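In: sequence unknown, structure follows:
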Ligand code: SAH
C-alpha cells in the first residue's frame with residue numbers, strides 16, 4: 001500500500017520501531033492530512049532509508065507511528081557542495097529547494113563583497129531542505145550550514161575538494177565539465193550574488209590551486225538560475241544522473 005504522506009523524522013527507524021511525533025508533526029498528520037489509526041506513512045531519517053509505518057496512536061499534540069518494512073535503502077547524494085550567496089528571500093528558498101531536488105550533500109551560504117542580503121535563517125532553511133526531500137522522494141537531507149564569509153571558507157578548504165567557480169566573465173565559453181573534473185572527485189560549486197564577484201575576489205579565486213572556473217553558457221544567468229544550471233551540468237557529467 002502506498003503512503004500518501006512522506007515524513008522526515010529524527011528518530012531511528014527499523015522493523016517494529018515506534019516513532020513518537022511531537023505537536024508540529026501531529027498537527028500536520030492528523031489535523032491537516034487527517035490521517036487515522038492504521039494509515040500508512042513513509043518515514044525517512046537520512047540514515048536508515050525509507051520505511052513504511054502505520055499510525056498507531058492519534059493525539060491532539062502527539063501521536064505514534066510504528067515502522068513495518070523498509071521500502072527503500074538509504075541513497076546518499078554525490079559528494080557535492082553548493083556555495084552561494086544569499087539573495088532575496090524567495091530566491092534563496094528556491095536555491096535550497098532545487099539543490100535538494102537535484103542532489104547535493106551540503107549547502108554552504110557565503111557572503112561576498114556584493115552580497116546584498118545577509119539574512120540566512122539556518123533553521124528555516126533546514127526546514128525547507130526537509131520539505132524538499134519529503135516531496136522529491138530523497139532518503140537524505142543535505143547538511144545546511146550557517147552563513148560564513150567566502151574568505152573564511154576558502155581559508156580552510158578541505159584537501160582534495162575541487163571548487164568549480166561559476167565565473168560570469170567566462171560566459172560564452174563552452175560549458176561542458178568534461179575534462180575539468182573526474183567522476184568521484186569531491187566537488188563544490190560556487191555561485192555569486194546578483195552583482196557577481198569583485199575584482200579582488202576574482203584575483204583571489206584565480207590564485208587558488210583547488211579552484212576551476214567554469215562557464216554556464218552564453219547568457220548571464222540570475223544567481224538562482226546559475227545554481228540550478230551548474231548542478232545539472234555537474235550531475236549529468238560526473239554525478240548520479242549518469
Ligand atoms: N552582475 C554580474 C552577473 C552576476 S550573475 C555581471 O553582470 O557580471 C550571478 C552569478 O551567477 C555569477 O556570479 C556567477 O557565479 C553565475 N553566473 C551567471 N551567469 C553565468 C555564466 N554565463 N557563466 C558562469 N557563471 C555565471
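Out: Looks like it came in fine. Treat the numbers as computed from the prediction; the structure is a model and nothing was measured. Numbering: from 1, shown residues only.

In: give the buried residues for stretch 166-182.
Out: Within stretch 166-182, the residues scored as buried using 16 or more other Cβ atoms under 10 Å are 166-168, 175, 177, 180-181. Backbone N, C-alpha and C define where each C-beta goes, glycine included.

In: list the contacts for residue 48?
Out: By Cβ atoms under 8 Å, 6 or more residues apart in numbering, residue 48 lies in contact with 12-14, 70, 74.

In: for residue 58, same thing?
Out: By Cβ under 8 Å, 6+ apart, the neighbours of residue 58 are 26, 30, 35-37.

In: again, only this time at 6 Å
Out: 30, 37 (Cβ atoms under 6 Å, 6 or more residues apart in numbering).

In: got the phi/psi numbers for it?
Out: The phi and psi values for residue 58, taken as degrees, to the nearest 10, are phi -120, psi 120.

In: coming back round to it: contacting the ligand as well, which ones from the buried residues of stretch 166-182?
Out: With Cβ under 6 Å from any ligand atom as the criterion, these include 166-168 near the ligand.

In: pipe those into TSV and attach pLDDT per row.
Out: Shown next, in TSV, are these (pLDDT from 0 to 100):
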residue	pLDDT
166	98
167	97
168	95
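
In: same list (those residues) but as a markdown table, adding distance to residue 84 and secondary structure.
Out: Listed next are these as a markdown table, based on distance: Cβ to Cβ, whole Å; DSSP: H, G, I helix; E, B strand; the rest coil:
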| residue | distance to residue 84 | secondary structure |
| --- | --- | --- |
| 166 | 9 | strand |
| 167 | 14 | coil |
| 168 | 14 | helix |
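
In: wait, which of these is closest to residue 83?
Out: For these, the minimum distance to residue 83 (Cβ to Cβ) is 10.0 Å, reached by residue 166.

In: from the chain, which residue is nearest to the ligand?
Out: residue 192 (2.4 Å; Cβ to the nearest ligand atom).

In: next, the contact list for that residue, please.
Out: residue 85.

In: cool, and the one 10 residues further on?
Out: Residues in contact with residue 202, defined by Cβ under 6 Å, 6+ apart, are absent; none qualify.

In: report the secondary structure state of it.
Out: helix (DSSP: H, G, I helix; E, B strand; the rest coil).

In: over to the spatially most central residue of the chain. Which of the three states is it?
Out: Computing the C-alpha centroid of the chain and ranking residues by Cα atoms, centre = their mean puts residue 100 first, at 3.4 Å. At residue 100 the chain is in helix, as set by three-state DSSP.
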